[in-house]
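Peer 1: Kindly generate the corresponding structure for this input.
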Amino acid sequence: MLEDKKFYIQTHGCQMNEYDSDKLDDVLQHHFKMERTNQPESADLLFLNTCSIREKAQEKVFHQLGRWKKYKSNNPNLLIAVGGCVATQEGDKIKSRSPQVDIIFGPQTIHRLPKMIEDVIHKKRELQVDVSFPEIEKFDFLPSSKKKAPSAYVSIMEGCSKYCTFCVVPYTRGEEVNRRFDDIIFEVSNLSKLGAKEIILLGQNVNAYKSENHMKDKVYFADLIRYVSHIDGVERIRHTTSHPIDFGEDLINEYKNPKLANNLHLPVQSGSDSILMRMKRKHTSLEYKSIIRKIRKIRPDIHLTSDFIIGYPGETDNEFQETMDFICDINFTDAYSFIYSPRPGTPATLEKDDISMETKKKRLCELQNIIREQAIAYSKSMNGTRQSILVEDRSKKKLGEYFGRASNNKIVNFKSKENYIGKFVDVEITSVKKNIVYGELIDQKIEKEKYNTRSEVAK
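Peer 2: Predicted coordinates for the structure are as follows:
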């Protein structure tokens, strides 16, 4: 009934949501042989994969559903599904405010969508809802990916058990559940055979990963990185996101592994110990600095990024200044920074928030200015260096220009007469303009130098 039909997915939020949308794509093509479209008005199924990390996320969802309601008026057979964290958190509101929705599913129930879709069709469009937490079950039923891409995400764990006072993730994605080690290795091996040269290990807190192999030996995150690095075809490994309290010596030492990329995203949220304590982060600013100091002994030029929350309830001028001093001491090379957003059901919503929005915006601007300066300085430090770039695609703006990522995760733009998409190339960084990095293929540079030398001799 659904064969040759089209589906459209709109994704909000983090890499986990992007990964889930890719898996949703695999499920629909595998079970129904459906085709993905970029035009929602021509789709037979509309999927909204949501995120509730930031404030007003719910309203964005309802606004989008309001726009899609018009499509349903024109096409009564259209199915609309809402998934992700907002679906888990606001399922009842979605039912009452958006009756045009046919399916509500959580991040852990993507594998159950084929049955939910069939039930909607066969039960005369009776609303189907499943926002349960069936632990790691979904990975046992998701089809293997058939996509060919130079870089691929692999989810190794779901949820988070840290219960930071500001964070809604444990309530929308559940507590930490680890995928079986052998299943991860199998998936990475398949992706490598499809041409993936870079594997990105994904989870809310990847460095808390622990499992067992088929021999019942315990396997931790550092072990997983090492095993993945030995799989044929895998030439680079990244991971996101980590938590400082799970960043042990074994993981720090793994930065000696040449296949582990030269970047680290390690959220800290604040540089003030009193704020960290109220956030229940369970680490101090000094402990965070110690981790970075040890990693920089191995990787002095590592691209270090983080997350910061500004205006946490009760944040004083002094506490904000401690965060600014912390940023200057560490010298981050980029960061995501946000004004604190109260999330329903989290402990932080009970704390007194007496900071004016004007003050919060001023502080955020100051912090982002410092981070921007540090980011530009890091990019400029790449000038003249030789970088190994995994080519991702052609430039959409400039003919003959391609882009890819260096080991430090910086995007590098370069011109090429040949198509190197999916391959590693050596590039010399030639300029940095407004934090945008440009380079020249080493082979082309050598040929140009030879030509110039011959021209000089001819004169």
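Peer 1: quick one, longest helix in the protein?
Peer 2: helix 357-381 (DSSP state H).
Peer 1: Flag every buried residue along that one.
Peer 2: When neighbours are counted by 16 or more other Cβ atoms under 10 Å, the buried residues of helix 357-381 are found to be 360, 363-364, 367, 370-371, 374-375, 378-379. Every residue, glycine included, has its C-beta placed from N, CA and C.
Peer 1: which other helices and strands contact the following helix or strand past that helix?
Peer 2: Using DSSP states H and E, the next helix or strand after helix 357-381 towards the C-terminus is strand 386-394. Strand 386-394 sits against strand 401-405, strand 411-415, strand 424-433, with contacts defined as 3 or more Cβ pairs under 8 Å, 6 or more residues apart in numbering; DSSP states H and E.
Peer 1: how about the ones you listed, which one is nearest residue 152?
Peer 2: strand 401-405 (13.4 Å; Cβ to Cβ).
Peer 1: pLDDT averaged over that closest one, what's the number?
Peer 2: For strand 401-405, mean pLDDT rounds to 97.
Peer 1: Parallel or antiparallel, list what pairs with it.
Peer 2: Strand pairing for strand 401-405, using DSSP bridges, gives strand 386-394 (antiparallel), strand 411-415 (antiparallel).
Peer 1: follow-up on the earlier one: could you figure out how far the longest helix of the chain is turned away from strand 424-433?
Peer 2: 120 degrees (axes from the mean of the first three to the mean of the last three Cα atoms, to 10 degrees).
Peer 1: Quick one: end-to-end length of stretch 152-160, please.
Peer 2: 22 Å (Cα to Cα, to the nearest Å).
Peer 1: Reformat the strands paired with strand 401-405 into a markdown table and put distance to residue 327, mean neighbour count and mean pLDDT next to each item.
Peer 2: Listed next are the strands paired with strand 401-405 as a markdown table, based on distance: least, Cβ to Cβ, whole Å; neighbours: other Cβ atoms under 10 Å; pLDDT from 0 to 100:
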| stretch | distance to residue 327 | mean neighbour count | mean pLDDT |
| --- | --- | --- | --- |
| strand 386-394 | 26 | 18 | 96 |
| strand 411-415 | 23 | 19 | 97 |
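Peer 1: now those strands as a markdown table including distance to residue 45?
Peer 2: Rendered in a markdown table, the data for the strands paired with strand 401-405 read as follows (distance: least, Cβ to Cβ, whole Å):
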| stretch | distance to residue 45 |
| --- | --- |
| strand 386-394 | 27 |
| strand 411-415 | 33 |
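Peer 1: To residue 308, which of those strands lies closest?
Peer 2: strand 411-415 (22.3 Å).
Peer 1: chain center to that closest one, what's the gap?
Peer 2: 22 Å (Cα atoms, centre = their mean, to the nearest Å).
Peer 1: can you pull the alpha-carbon coordinates of that strand into CSV?
Peer 2: Extracted C-alpha coordinates of strand 411-415, given in CSV (Å, rounded to 0.1, in the frame of the first residue of the first chain):
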residue,chain,number,x,y,z
ILE,A,411,36.3,22.5,7.3
VAL,A,412,38.8,23.3,4.6
ASN,A,413,37.9,24.6,1.1
PHE,A,414,40.1,24.0,-1.9
LYS,A,415,40.0,23.9,-5.7
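Peer 1: got the contact list for it?
Peer 2: 387, 389, 395, 398, 400-406, 425, 427, 429, 436-441, 444 (Cβ atoms under 8 Å, 6 or more residues apart in numbering).
Peer 1: Residues in contact with the one helix or strand residue 63 maps to: which ones?
Peer 2: Using DSSP H and E, residue 63 falls within helix 57-74. Helix 57-74 has contacts (Cβ under 8 Å, 6+ apart) with 10, 12, 40-41, 43, 46, 48, 50-52, 78, 80, 82, 85-86, 89-90, 93-94, 97-98, 100-101.
Peer 1: cool, and stretch 354-373?
Peer 2: 308, 310-311, 313-315, 320, 323-324, 327-328, 332, 334-335, 337-340, 435.
Peer 1: Which ones among these map onto helices?
Peer 2: 320, 323-324, 327-328.
Peer 1: will you turn those into TSV that also has neighbour count, distance to residue 203 and pLDDT?
Peer 2: Listed next are the ones in helices among the contacts of stretch 354-373 as TSV, based on neighbours: other Cβ atoms under 10 Å; distance: Cβ to Cβ, whole Å; pLDDT from 0 to 100:
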residue	neighbour count	distance to residue 203	pLDDT
320	25	30	98
323	27	26	98
324	15	30	98
327	20	26	98
328	13	30	98
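Peer 1: between those, which is nearest residue 33?
Peer 2: Out of those, the member with the shortest distance to residue 33 (by Cβ to Cβ) is residue 327, at 50.9 Å.
Peer 1: wait, what's in contact with that closest one?
Peer 2: Residue 327 touches 271, 308, 335, 367, 370-371, 374, counting by Cβ under 8 Å, 6+ apart.
Peer 1: repeat that with 7 Å
Peer 2: The neighbours of residue 327, taking Cβ atoms under 7 Å, 6 or more residues apart in numbering as the test, are 271, 367, 370-371.
Peer 1: Can you classify the residue nearest to residue 141 when sequence neighbours are not counted by secondary structure?
Peer 2: Residue nearest to residue 141 in three dimensions, not counting chain neighbours: residue 111, with 3.8 Å by Cβ to Cβ, 6 or more residues apart in numbering. Here residue 111 is helix, with the state taken from DSSP: H, G, I helix; E, B strand; the rest coil.
Peer 1: now the helices: where do they sit in the stretch 101-250 of the chain?
Peer 2: Using DSSP state H, counting those that start in this stretch, the helices of the stretch 101-250 of the chain run over 113-122, 137-141, 169-172, 181-193, 221-229, 249-253.
Peer 1: any chance of these in TSV, plus distance to residue 419, mean pLDDT and mean neighbour count?
Peer 2: Below are those laid out as TSV (distance: least, Cβ to Cβ, whole Å; pLDDT from 0 to 100; neighbours: other Cβ atoms under 10 Å):
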stretch	distance to residue 419	mean pLDDT	mean neighbour count
helix 113-122	36	90	17
helix 137-141	34	71	16
helix 169-172	40	87	22
helix 181-193	21	96	18
helix 221-229	28	98	21
helix 249-253	37	97	15
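Peer 1: Now do the helix or strand following the helix holding residue 63: which elements does it pack against?
Peer 2: On the C-terminal side of helix 57-74, the closest following helix or strand by DSSP H and E is strand 79-84. Other helices and strands packing on strand 79-84, by 3 or more Cβ pairs under 7 Å, 6 or more residues apart in numbering; DSSP states H and E, are strand 45-50, helix 57-74, strand 103-105.
Peer 1: And residue 72, how far from residue 121?
Peer 2: 15 Å (Cβ to Cβ, to the nearest Å).
Peer 1: what bridges to the closest residue to residue 423 other than its chain neighbours?
Peer 2: For residue 423, ignoring the flanking residues on the chain, the nearest one in space by Cβ to Cβ, 6+ apart is residue 391 at 5.8 Å. Beta-bridge partners for residue 391, by DSSP bridges, are residue 404.
Peer 1: Type out the ChimeraX command that picks the buried ones from the contacts of stretch 354-373.
Peer 2: Buried members of the contacts of stretch 354-373, defined by 16+ other Cβ under 10 Å, are picked up in ChimeraX with:
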select :308,310,311,313,315,320,323,327,332,334,335,337,338,339,340
